[in-house]
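Peer 1: Structure of the sequence below:
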Amino acid sequence: MHMADALVSPAVGGVMTVVSTGILGYSLYRIRRENDSGTASLAGVLGAFVFAAQMINFTIPATGSSGHLGGALLLTALLKPFRAFTVMAAILLLQALLFADGGLLAYGCNVFNMAFFACFIAYPLIFKPLTAKGFNKKRLMTASILSALAGVELGAFGVVAETFLSGVTQLPFSVFAALMLPIHLAIGLVEGITTGLILAFLHQYRPELFAKNGRDAEPQACFGLGLAALITGGALSLTASELPDGLEWSILKTAGESFELPASLQAVFADYNIADSTALAGIAGVVITAVFIFALIRITGRRKAQAA
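Peer 2: Below you'll find the model as predicted:
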């Protein structure tokens, strides 16, 4: 669901960047106020895993389209909203700067669409109430599916609204929405099922990840998640579908052409490629993402203690 700069006007992009940056600033403030840098390792490996998972586009049968996991709901279930939003903002920034996935002008839109709705709408209003009596496989699956459907659909509508308000592409609002929402309903369903299965697995074998924002996560759990991220980015990413994703497919169906333009910056690893290798790009992205997020959460969480 990454929006390209070509879809966004400077006015809309600027407003959404201010909004998303403001939410990010408050999220960092909350992390600092809680004086909790103990989640840095878990946040780093989870962020790396989500980065890798976003590289894998899965085919949506009978549509000619594909989709990928967003990951914000998974992050929020384990890290809670403010840390999860911060991690998603970091992932999307690295994707824009290093991999030309999304653009700088569209950065605020992408953060809002892919992180805000899952972290601050779907999680507190759907996921949290449905799991209030405790975690088990049935509750985790139900909460994940319903939350993912809501978060992804709201994000898809956000893309349509921001594109329409930008007025750059002149895509008809009703037609674009009629394509974006159903295709992302399918993507949201896959995200919900996948998220539910991952959470159920982690709850069975690593229940400590669900306590205190994962602060008590054992090194073995972080190592396992890190290894999963490397395998996903370095190997499973090679199985990604080459079909256009839900947004690109909707544009093609609406206008008969793609509005994808060169990114704002010449990315170092454009199109997730290093020396003609997606695997190398995936591994590099996983490592960079993990280190960057670990440092961000660690430094932010420690500032209050140092000031005291």
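Peer 1: shaky segments in the stretch 101-250 of the chain?
Peer 2: Filtered on pLDDT under 70, the stretch 101-250 of the chain yields the residue ranges 212-218.
Peer 1: how about the helices in it?
Peer 2: Ranges of helices within the stretch 101-250 of the chain are 107-111, 128-130, 137-166, 173-205, 219-234, 246-255, based on DSSP state H, counting those that start in this stretch.
Peer 1: Including distance to residue 23, could these go into JSON lines?
Peer 2: For glycine as for every other residue, the C-beta is placed from the backbone atoms N, C-alpha and C. Below are the helices of the stretch 101-250 of the chain laid out as JSON lines (distance: least, C-beta to C-beta, whole Å):
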{"stretch": "helix 107-111", "distance to residue 23": "8"}
{"stretch": "helix 128-130", "distance to residue 23": "19"}
{"stretch": "helix 137-166", "distance to residue 23": "14"}
{"stretch": "helix 173-205", "distance to residue 23": "21"}
{"stretch": "helix 219-234", "distance to residue 23": "25"}
{"stretch": "helix 246-255", "distance to residue 23": "22"}
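Peer 1: Buried deepest among those helices, which one?
Peer 2: Greatest average neighbour count among the helices of the stretch 101-250 of the chain goes to helix 107-111 (a mean of 28), per mean count of other C-beta atoms under 10 Å.
Peer 1: which residues sit against that helix?
Peer 2: Under the contact criterion C-beta atoms under 8 Å, 6 or more residues apart in numbering, helix 107-111 has outside partners 1-3, 8, 12-21, 23-24, 88-89, 92-93, 96, 102, 158-159, 162.
Peer 1: what separates it from the chain centre, distance-wise?
Peer 2: Shown here is helix 107-111, whose average C-alpha point lies 11 Å from the average C-alpha point of the whole chain (C-alpha atoms, centre = their mean, to the nearest Å).
Peer 1: Please report the distance of residue 100 from residue 106.
Peer 2: Counting by C-beta to C-beta, to the nearest Å, the separation of residue 100 from residue 106 is 12 Å.
Peer 1: These two: who's more crowded?
Peer 2: Each of residue 100 and residue 106 has its neighbours counted (other C-beta atoms under 10 Å); residue 106 has more, 29 against 22.
Peer 1: List the contacts of that one.
Peer 2: By C-beta under 8 Å, 6+ apart, residue 106 lies in contact with 2-5, 7-8, 13.
Peer 1: Of the helices of the stretch 101-250 of the chain, which is nearest residue 284?
Peer 2: When the helices of the stretch 101-250 of the chain are compared by C-beta to C-beta, helix 219-234 sits nearest residue 284, at 8.5 Å.
Peer 1: quick one, the closest one and helix 173-205 angle?
Peer 2: Counting by axes from the mean of the first three to the mean of the last three C-alpha atoms, to 10 degrees, helix 219-234 lies at 140 degrees to helix 173-205.
Peer 1: Rounded mean pLDDT for stretch 30-40, please.
Peer 2: With pLDDT averaged residue by residue, stretch 30-40 scores 82.
Peer 1: should've said stretch 77-97
Peer 2: On average, stretch 77-97 scores 96.
Peer 1: Correct me if wrong: residue 117 contacts residue 155.
Peer 2: Yes - at 5.2 Å, residue 117 counts as touching residue 155 under the criterion of C-beta atoms under 8 Å.
Peer 1: Need the residue closest to the centroid of the protein.
Peer 2: Relative to the mean C-alpha position of the chain, the nearest C-alpha, by C-alpha atoms, centre = their mean, is the one of residue 70, at 3.9 Å.
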